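Q: Output the structure for:
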Amino acid sequence: MSTTTTTTTTTTETVGTAPAGDPAPAPALTPARGLIRVVLRVHQSALWFWGLLVGLAAAGLLWAAGPGVDAVWAEYVRRGCAADYCELGAPYSRYELVVGLCLALLAISPALIGAWAGGALIARELESGTAKLAWTQSVTPVRWFAAKLAVPAALIVTGTVLLTLLNRLVWWREERLREAYGTRNWFESSTFMGHGTLATAYALLGLAVGVVAGLLLRRALPALAVGVAGTAVLAGALQLNRHLLWPVETVVSKTEERDWTGELVDRGFVTATGERISDVKFTDEVRGRFEDAVSFYADFHPSSHFWPLQLVETAIVLTVTALLVWAAFRLLRRATGGTS
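A: Numbers count the residues shown, from 1 in each chain. You can find the predicted model right below:
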């Protein structure tokens with residue numbers, strides 16, 4: 001009786017447990033994971049380049065927020081610049097160079113992304129026939145295109161959000177230096193873009209412009225050029241009209257001394273009839289009407305308008321991006337006969 005029980009137990013253990021020496025089965029590779037791996041492998045050079053840029057910029061901003069700004073402030077105090085403007089020498093030059101380059105990177109990254117998305121991400125694969133080959137491997141055109149958009153978008157958002165947060169850290173750390181020395185203004189184009197939500201929004205816009213150019217042209221070099229130019233034109237048009245996105249504040253004075261602080265939009269004088277005449281460009285006609293002035297005005301955006309302007313412009317950029325993505329899917333369905 002004892003022998004029979006032992007035999008049964010041993011047999012059960014042998015059947016229910018895999019041999020200790022056999023390797024565990026590899027996890028199944030789902031179609032979605034497979035597409036992601038393919039996109040990462042095909043565009044690994046661009047991935048490494050983006051990672052390198054973000055890594056270098058992040059390191060530079062961390063230095064600027066710590067030793068960089070501390071060294072500049074120490075030099076400012078040592079030279080006794082509290083009352084008068086003075087040159088701060090090498091510490092300030094190094095600090096401005098690093099911060100300026102990092103802000104410039106965020107400013108030009110949408111155009112670079114547009115060029116890459118148009119030339120390498122979409123058009124090159126359509127031109128070489130690689131896309132059609134993928135569509136014959138149980139991958140529909142829509143799923144292929146969705147992976148082509150989603151993977152770069154995730155990496156772009158991760159990088160731009162990280163650099164934006166680090167730029168905010170630098171802005172916070174340099175506050176006393178900025179107030180004392182006037183290092184930069186919030187409304188300067190690169191500063192405004194690099195300290196809020198716009199850097200990420202414009203980067204996604206560049207991606208959308210590039211993929212539309214790639215689907216339309218289907219040739220790498222023309223799509224690359226259109227990706228750059230299209231992104232630059234759209235971004236430039238929005239930025240030139242940024243001051244119109246939120247109502248300005250106005251100060252009126254009886255003298256030409258108008259006390260305003262912020263981004264100047266317009267200034268001039270008001271005649272006895274209530275007509276406002278801008279004197280930003282002091283032409284002969286304006287000079288001739290100057291004697292009719294009864295008061296002087298200035299339209300401007302104070303610093304409190306930073307987030308309203310930032311969020312309204314971001315909403316516009318993301319709306320344009322969404323429309324371009326929708327148009328891209330429509331183009332793809334039309335080109336592939338409606339295959340989903």
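
Q: Centre-most residue in this protein?
A: The centroid of the chain falls nearest to Ala199 when counting by Cα atoms, centre = their mean (2.4 Å).

Q: how about the helices in the stretch 51-200 of the chain?
A: 69-78, 89-116, 124-128, 130-135, 141-173, 175-181, 189-194, 198-217 (DSSP state H, counting those that start in this stretch).

Q: Of the ones you listed, which is nearest Ala327?
A: Among the helices of the stretch 51-200 of the chain, helix 198-217 comes nearest to Ala327, with 6.0 Å by Cβ to Cβ. For glycine as for every other residue, the C-beta is placed from the backbone atoms N, C-alpha and C.

Q: Check the offset of the closest one from the chain's centre.
A: With Cα atoms, centre = their mean, to the nearest Å as the basis, helix 198-217 stands 11 Å off its chain's centre.

Q: if we can go back for a sec, any idea which of the helices of the stretch 51-200 of the chain has the lowest pLDDT on average?
A: Lowest mean pLDDT within these: helix 130-135, at a mean of 75.

Q: which strands and helices sit next to it?
A: If you count contacts as 3 or more Cβ pairs under 8 Å, 6 or more residues apart in numbering; DSSP states H and E, helix 130-135 packs onto helix 124-128, helix 141-173.

Q: out of the helices of the stretch 51-200 of the chain, deepest packed?
A: Across these, averaging neighbours per residue (mean count of other Cβ atoms under 10 Å) puts helix 198-217 on top, at a mean of 26.

Q: any idea which helix or strand comes after it?
A: helix 220-240 (DSSP states H and E).

Q: for the record, mean pLDDT for the helix or strand that that next one is followed by?
A: Remark: after helix 220-240, the chain's next helix or strand is strand 249-253, criterion DSSP H and E. The average of the pLDDT scores along strand 249-253 is 91.

Q: where does the next helix or strand after strand 249-253 sit relative to the chain's centre, distance-wise?
A: Downstream of strand 249-253, the first helix or strand assigned by DSSP H and E is strand 263-271. The chain centre lies 32 Å from the centre of strand 263-271; the measure is Cα atoms, centre = their mean.

Q: same check, this time on stretch 95-112
A: The answer for stretch 95-112 is 11 Å, by Cα atoms, centre = their mean.

Q: What lies in contact with it?
A: Under the criterion Cβ atoms under 8 Å, 6 or more residues apart in numbering, residues 53, 57, 60-61, 63-64, 68-69, 71-72, 160, 163-164, 166-167, 170, 183, 189-191, 193-194, 199, 202-203, 205-206, 227-228, 231-232, 235 lie in contact with stretch 95-112.

Q: can you do 7 Å?
A: Contact with stretch 95-112 is made by 53, 57, 60-61, 63-64, 68-69, 72, 160, 163, 167, 170, 190-191, 193-194, 199, 202-203, 205-206, 228, 231-232, 235, as judged by Cβ atoms under 7 Å, 6 or more residues apart in numbering.

Q: And for stretch 212-225, what's in contact with it?
A: Stretch 212-225 is contacted from outside by 115, 117-124, 126-127, 226-227, 230, 324, 327-328, 331-332, using Cβ under 7 Å, 6+ apart.

Q: From Tyr181, how far off is Gly236?
A: 30 Å (Cβ to Cβ, to the nearest Å).

Q: same question, Ala199
A: 25 Å.

Q: next one: Val248
A: Note on Val248: its distance to Tyr181, by Cβ to Cβ, is 28 Å.

Q: do the same with Val170
A: Val170 sits 15 Å away from Tyr181, going by Cβ to Cβ.

Q: quick one, domains of this structure?
A: Domain assignment for the chain by automatic domain parsing gives 46-243+305-335, 249-302.

Q: residues making contact with stretch 331-340?
A: Thr140, Pro141, Val142, Phe145, Leu215, Leu216.

Q: give me every residue that touches Thr183.
A: Going by Cβ under 7 Å, 6+ apart, the list of residues near Thr183 reads Glu174, Leu177.

Q: burial count for the nearest residue to Val139 once chain neighbours are set aside?
A: Setting aside the residues directly before and after it, Val139 is nearest to Leu35 in space (Cβ to Cβ, 6 or more residues apart in numbering), at 6.6 Å. Leu35: 19 surrounding residues under other Cβ atoms under 10 Å.

Q: Now do the contacts for Leu35.
A: Val139, Arg143, Trp144, Ala147.

Q: residue contacts, the last one?
A: It refers to Ala147. Counting by Cβ under 7 Å, 6+ apart, the residues that Ala147 touches are Leu35, Ile36, Val39.

Q: change it to 10 Å
A: Taking Cβ atoms under 10 Å, 6 or more residues apart in numbering, we find Ala147 in contact with Pro31, Ala32, Gly34, Leu35, Ile36, Arg37, Val38, Val39, Leu40, Ala134, Val139.

Q: Distance to Glu291 and secondary structure for those - can I get that in JSON lines?
A: Shown next, in JSON lines, are the contacts of Ala147 (distance: Cβ to Cβ, whole Å; DSSP: H, G, I helix; E, B strand; the rest coil):
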{"residue": "Pro31", "distance to Glu291": "77", "secondary structure": "helix"}
{"residue": "Ala32", "distance to Glu291": "73", "secondary structure": "helix"}
{"residue": "Gly34", "distance to Glu291": "77", "secondary structure": "helix"}
{"residue": "Leu35", "distance to Glu291": "72", "secondary structure": "helix"}
{"residue": "Ile36", "distance to Glu291": "71", "secondary structure": "helix"}
{"residue": "Arg37", "distance to Glu291": "75", "secondary structure": "helix"}
{"residue": "Val38", "distance to Glu291": "74", "secondary structure": "helix"}
{"residue": "Val39", "distance to Glu291": "68", "secondary structure": "helix"}
{"residue": "Leu40", "distance to Glu291": "70", "secondary structure": "helix"}
{"residue": "Ala134", "distance to Glu291": "74", "secondary structure": "helix"}
{"residue": "Val139", "distance to Glu291": "75", "secondary structure": "coil"}
